[in-house]
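**Q** Take this sequence and fold it.
(one chain, ligands or ions: 1)
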Amino acid sequence: MSWTDTDLVEIRPARRGLGAFARVPIPRGRIVGAFQGPVARFPKGANGIEFGDTDLHMLLELYEDERQLIALTLPDLHEPVNRINHSCEPNCVLTGIHGLTMVAERDIAADEELTFDYRPITLYPIGVPCWCETPRCVL
Ligand SMILES: [Zn+2]
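**A** I've put the predicted structure just below:
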């Protein structure tokens, strides 16, 4: 399952639904959490990817071809790192060096919402609207 440094981050209400927020100032470069979860294989049928009854809250694509999607599933919605919302101007970045580790990309103030850019990873379902409202929003 995913892990969050809960000394630093907690779940709070966000503009839409819930988000992950800094409890204290977080310095640039600090690891705030890591994604981990069951990996699932979803076959492709005539109507596209067959997700069945999988919770589509967050799936990170690991591999896709014409027959299947293989994705990391993040089912634990009580884990703050799994609640980090998208922004086109994020303050966190997902690194692949030690697995899927979430790192503060800049200094983050206490009470600031943590965000990362979903675009470098493929996130299902596709077509989720962006609510980041930043001047550099590209979605
Ligand atoms: Zn945006």
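
**Q** give me the number of residues near the closest residue to Ile108 other than its chain neighbours?
**A** Nearest non-adjacent residue to Ile108, counting by Cβ to Cβ, 6 or more residues apart in numbering: Ile26, 4.2 Å away. The C-beta positions use only the backbone N, C-alpha and C, and glycine is treated the same way. For Ile26, the number of neighbouring residues by other Cβ atoms under 10 Å comes to 25.

**Q** check contacts around Ile26.
**A** For Ile26, the contact set (Cβ atoms under 8 Å, 6 or more residues apart in numbering) comprises 8-9, 32, 104, 107-108.

**Q** cutoff 10 Å now
**A** Ile26 sits next to 5, 7-9, 32, 91-92, 103-104, 106-110, 112, 114 when contact means Cβ atoms under 10 Å, 6 or more residues apart in numbering.

**Q** Okay, and the residue nearest to Arg16 when sequence neighbours are not counted sits in which element?
**A** With Cβ to Cβ, 6+ apart as the criterion, Arg16 has its nearest non-adjacent residue at 5.4 Å, and that residue is Trp131. Taking DSSP states H and E as the definition, Trp131 sits outside all helices and strands.

**Q** how much space between the residue of the chain most remote from its centre and Glu113?
**A** Within the chain, the residue lying farthest from the chain centre (Cα atoms, centre = their mean) is Ala46, at 28.7 Å. Applying Cβ to Cβ, to the nearest Å, the value for Ala46 to Glu113 is 40 Å.

**Q** What of Leu60?
**A** Distance from Leu60 to Glu113, by Cβ to Cβ: 20 Å.
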